[in-house]
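Asks: Got a sequence here, can you model it:
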Amino acid sequence: MHRRVRVPSRVNIIGEHTDYAGGLALPFTIDNYLQLEIIPHDSDFIGDETVVRLWQAVGGYPAELVVNSNIPIGKGMSSSAALCVAVVVGMMPDLEKMEICLHAQRIEHEILGTKCGLLDQMAMVFGRKNHASLINFTDLSVDYIAMPKSWRFKLVDSRIHRKLADIDYQSNDDYRSEHLITENQRVTDALSSDAEHLGVLLNQSHHSLMKLGVSLPEVDEMVKNLQLTHGVLGARMMGGGYGGMILVLVESDKILPDGLTVSSTGTFSFEEFS
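Replies: Down below sits the predicted model:
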């Protein structure tokens, strides 16, 4: 049977660099997708070499593997996690959601060499339309909050591209514990925040990520300029760091007209047909 999996990208509102330390995060899925087509073949594995290796790592059968995606690569929007989730769902669509996340994390570690936490996978697999997911990485629980209409987010591309597998995340261990404590508190505070206060929390988050050592001076300058822009309530780097997209909270959709407007969608989809 021909299979098709569509996995959404994700935006993390707040709670960055917390997932591998038992912290909190508040992501939502957006309307950018990676699609994987799995067309059974008699004997061969056909497709991009890396995709084939991921497929084989989950016990995949001979097939033609076709990937189409409008998730930007290297922009902090988790294109690699989306691919790994798609591969796992394509091979094992009946797995429990948490098992999908764990298998996707495993093959991202083993095949792609990215020592990621579970934020991206859980955000994509547990996503719910018009909601953000409150993920607690201590017990891997997920709660949902309805997205307030006043929370209007845009993404601004820093145009700095870094491979996650090349990044050393141990850049400032002395500050790591403090970041975890304060970032967790910012996630908790965000749950009851209006747009103005959420903007303050985003700004504070970026300052803490700077101290953690996962940003770049060029990105910091862009974030600062955005924070000072009329109609911007807050801005911070997003994702693993060292470039990629900047998350911006705006007063109205008219602010930053060239930015990518994002809103909450749902989880992955799976189809099987002859």
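Asks: now the strands for the stretch 51-200 of the chain?
Replies: 63-69, 131-136, 141-146, 152-157 (DSSP state E, counting those that start in this stretch).
Asks: If we ignore the residues flanking it in sequence, what's nearest residue 107?
Replies: residue 57 (4.6 Å; Cβ to Cβ, 6 or more residues apart in numbering). Every residue, glycine included, has its C-beta placed from N, CA and C.
Asks: In contact with that neighbour: list those residues for me.
Replies: Residue 57 sits next to 87, 106, 107, 110, 111 when contact means Cβ atoms under 8 Å, 6 or more residues apart in numbering.
Asks: Would you reformat the strands of the stretch 51-200 of the chain as JSON lines and include mean neighbour count?
Replies: JSON lines is the format used below for the strands of the stretch 51-200 of the chain (neighbours: other Cβ atoms under 10 Å):
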{"stretch": "strand 63-69", "mean neighbour count": "17"}
{"stretch": "strand 131-136", "mean neighbour count": "22"}
{"stretch": "strand 141-146", "mean neighbour count": "13"}
{"stretch": "strand 152-157", "mean neighbour count": "21"}
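Asks: Tell me the spacing between the residue nearest to residue 107 and residue 215.
Replies: Using Cβ to Cβ, to the nearest Å, residue 57 is found at 32 Å from residue 215.
Asks: Kindly report the same for residue 158.
Replies: As judged by Cβ to Cβ, residue 158 and residue 215 stand 10 Å apart.
Asks: anything in contact with each of these two?
Replies: residue 237.
Asks: Identify the residue nearest the residue of the chain most remote from its centre in space, chain neighbours excluded?
Replies: For the chain, the largest distance from the centre (Cα atoms, centre = their mean) belongs to residue 42, which lies 35.5 Å off. The shortest distance from residue 42 to any non-neighbouring residue, by Cβ to Cβ, 6+ apart, is to residue 62 (6.7 Å).
Asks: can you count the residues close to the residue nearest to residue 172 when sequence neighbours are not counted?
Replies: Leaving aside its sequence neighbours, residue 172 sits nearest to residue 213 (Cβ to Cβ, 6+ apart; 3.8 Å). Neighbour count of residue 213, defined by other Cβ atoms under 10 Å: 18.
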